[in-house]
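**Student:** Structure of the sequence below:
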Amino acid sequence: MLKATKSRIWVLAVAMMLLGAACGGDADSEPTVGVTEDSGSPAADGAGSGDELYVVVTTTILGDLVKALVGDAGTVEILLPVGADPHDFQMSSQDGTKLREADLVVANGLGLEESLSAIFDSARQDGARVLEVGDQADPLEWGEGRGEDHEEEGDHDEDEGEGDHDEEGDHDDHGGAFDPHFWFDPSRVEKAVRAIVGELIDVGSGLSSAEWNERADNLIALIRQAATEAEGILSAVPAADRILVTNHDSFLYFGEYFGFEILDTILSGGSTLAQPGTAHLAELVDAIAREGVPAIFADTTADTRLPRTVAAEFDPPLEVVELYTGSLGPAGTEADTYPKWLVSNARLIAEALTG
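**Tutor:** Residues are numbered from 1 along each chain as shown. Predicted coordinates:
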């Protein structure tokens, strides 16, 4: 129930004061600047100009997929460090050199890497091959899929390319109208894998088309296995309790695929850099109370003080559960690969909603 002894307006005003820190990551976290997963820079040693395949990827989630595909056929470098927020990433001049030296650049696109659109365009003009896979993953328009029922069994295995938004200029013509968080839907990740392997067939040497496609098939099999495991875990959540309140609007794909309603989000819009108003937060508190939602789901890549402030409006306070959203977990954790990421988040959600 709502706390009767605390002024909601005062709490929300405090929340707004915390907003500046809440949008940019934890207060004690390192700034997001041009850190790479791999030690050393192949670009600095002339990679991309020789025979070895050199691929640069923006996010850790896409990086895991690309590494699984490339394997021993080349070098993959990931620009964002584990735990970094893709919305807030700032590229260094060294990173720009890597883009120009790479045989292939793989980015999410659809506005996820908010500061990099002009850099991608510049890199293309310099001859770089840039694949923004979000355009190939049948992206949802903002708000589409909210609260819709889970697809019928078997609907995930759509024919490759069906409904893809891959026409030239589709993304730009809509001015960022598509939701970039497609990786919450494993069926759309399959589309991304096919798009990536298509590029690797064109640029990669040493492997035949059949060998590249076999690697894609093996990766997709692992993704489907993880999706099935996640569905099994989430089946413990009754239909009436499949309601999510999240820190920012990144779970529409998850809701559509796994059959959850996204009641509302704390931050307005799809970016962790968005700014909520006090009226929106007051309405959110009322909606949570009305629906009896027991938890708020936050991001490991963002400051949790604002979600915790909202959670403290209730007695007892709501649980705030940190999920891996825009990044994989550190090496050795339960979310250090995309299939493990999918299962780990499903388990955390199920435990919070059934505990």
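**Student:** Need the residues that contact stretch 108-122.
**Tutor:** Residues outside stretch 108-122 that contact it (C-beta atoms under 8 Å, 6 or more residues apart in numbering) are 58-59, 62, 86-91, 96, 99, 105, 107, 130, 132-135, 139, 171, 176, 178-182, 270-271, 273, 326. To be clear about C-beta, it is placed using only N, CA and C from the backbone, and glycine gets the same treatment.
**Student:** Mind listing what's buried along it?
**Tutor:** By 16 or more other C-beta atoms under 10 Å, the buried positions in stretch 108-122 come out as N108, G109, L110, G111, L112, E113, E114, L116, S117, I119, F120.
**Student:** Could you work out the end-to-end span of stretch 233-245 for me?
**Tutor:** Terminal residues of stretch 233-245 lie 19 Å apart, using C-alpha to C-alpha, to the nearest Å.
**Student:** same thing with stretch 299-309?
**Tutor:** So stretch 299-309: terminal residues 15 Å apart, C-alpha to C-alpha.
**Student:** for the strand or helix carrying N218, what is the average pLDDT?
**Tutor:** Element membership for N218, per DSSP states H and E: helix 209-234. Helix 209-234 carries an average pLDDT of 98.
**Student:** Restrict the contacts of stretch 108-122 to the buried ones and give me that as a ChimeraX selection.
**Tutor:** Selecting only the buried entries of the contacts of stretch 108-122 in ChimeraX, with 16+ other C-beta under 10 Å as the criterion:
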select :58,59,62,86,87,88,89,91,96,99,105,107,130,132,133,134,135,139,171,176,178,179,180,181,182,270,271,326
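**Student:** Tell me which stretches of this structure form strands.
**Tutor:** 53-57, 74-78, 104-107, 130-132, 243-246, 261-265, 295-299, 319-323 (DSSP state E).
**Student:** Please tabulate the ones you listed in TSV, including the columns distance to E229 and mean pLDDT.
**Tutor:** Listed next are these as TSV, based on distance: least, C-beta to C-beta, whole Å; pLDDT from 0 to 100:
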stretch	distance to E229	mean pLDDT
strand 53-57	25	97
strand 74-78	25	96
strand 104-107	26	97
strand 130-132	29	96
strand 243-246	20	96
strand 261-265	22	92
strand 295-299	19	95
strand 319-323	17	96
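**Student:** Out of those, flag the one nearest L252.
**Tutor:** strand 261-265 (6.2 Å; C-beta to C-beta).
**Student:** Now do the buried residues in that closest one.
**Tutor:** I262, L263, D264, T265.
**Student:** any idea how far stretch 113-132 is from the chain center?
**Tutor:** For stretch 113-132, the separation from the chain centroid amounts to 19 Å (computed by C-alpha atoms, centre = their mean, to the nearest Å).
**Student:** tell me how far the ends of it are from each other?
**Tutor:** One end of stretch 113-132 sits 10 Å from the other (C-alpha to C-alpha).
**Student:** before we move on, the earlier item: which helices and strands does the helix holding N218 pack with?
**Tutor:** The contact analysis (3 or more C-beta pairs under 8 Å, 6 or more residues apart in numbering; DSSP states H and E) places helix 209-234 against helix 60-70, helix 186-203, helix 252-258, helix 338-354.
**Student:** Any chance of the ones you listed in TSV with distance to V82 as columns?
**Tutor:** Output for the helices and strands packed on helix 209-234, formatted as TSV (distance: least, C-beta to C-beta, whole Å):
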stretch	distance to V82
helix 60-70	6
helix 186-203	19
helix 252-258	21
helix 338-354	11
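**Student:** Determine which of those approaches G232 most closely.
**Tutor:** Nearest of the helices and strands packed on helix 209-234 (C-beta to C-beta): helix 338-354, 8.6 Å.
**Student:** got the angle between the closest one and helix 209-234?
**Tutor:** For helix 338-354 against helix 209-234, the angle by axes from the mean of the first three to the mean of the last three C-alpha atoms, to 10 degrees is 10 degrees.
**Student:** Just the CA trace of helix 338-354, in CSV.
**Tutor:** Extracted in CSV, the C-alpha atoms of helix 338-354 (Å, rounded to 0.1, in the frame of the first residue of the first chain):
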residue,chain,number,x,y,z
TYR,A,338,23.4,-13.5,-25.0
PRO,A,339,21.7,-17.0,-24.4
LYS,A,340,22.7,-16.8,-20.7
TRP,A,341,21.6,-13.1,-20.6
LEU,A,342,18.1,-14.2,-21.8
VAL,A,343,17.7,-16.9,-19.3
SER,A,344,19.2,-14.9,-16.4
ASN,A,345,16.7,-12.0,-16.9
ALA,A,346,13.8,-14.4,-17.2
ARG,A,347,14.7,-16.0,-13.9
LEU,A,348,15.0,-12.6,-12.2
ILE,A,349,11.7,-11.5,-13.5
ALA,A,350,9.9,-14.7,-12.6
GLU,A,351,11.3,-14.7,-9.0
ALA,A,352,10.3,-11.1,-8.5
LEU,A,353,6.7,-11.6,-9.7
THR,A,354,6.1,-14.9,-8.0
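**Student:** Please identify the most buried of the strands of the chain.
**Tutor:** strand 53-57 (a mean of 27; mean count of other C-beta atoms under 10 Å).
**Student:** from what I can see H87 touches G326, true?
**Tutor:** Yes - here H87 reaches G326: they are 7.3 Å apart, a contact under C-beta atoms under 8 Å.
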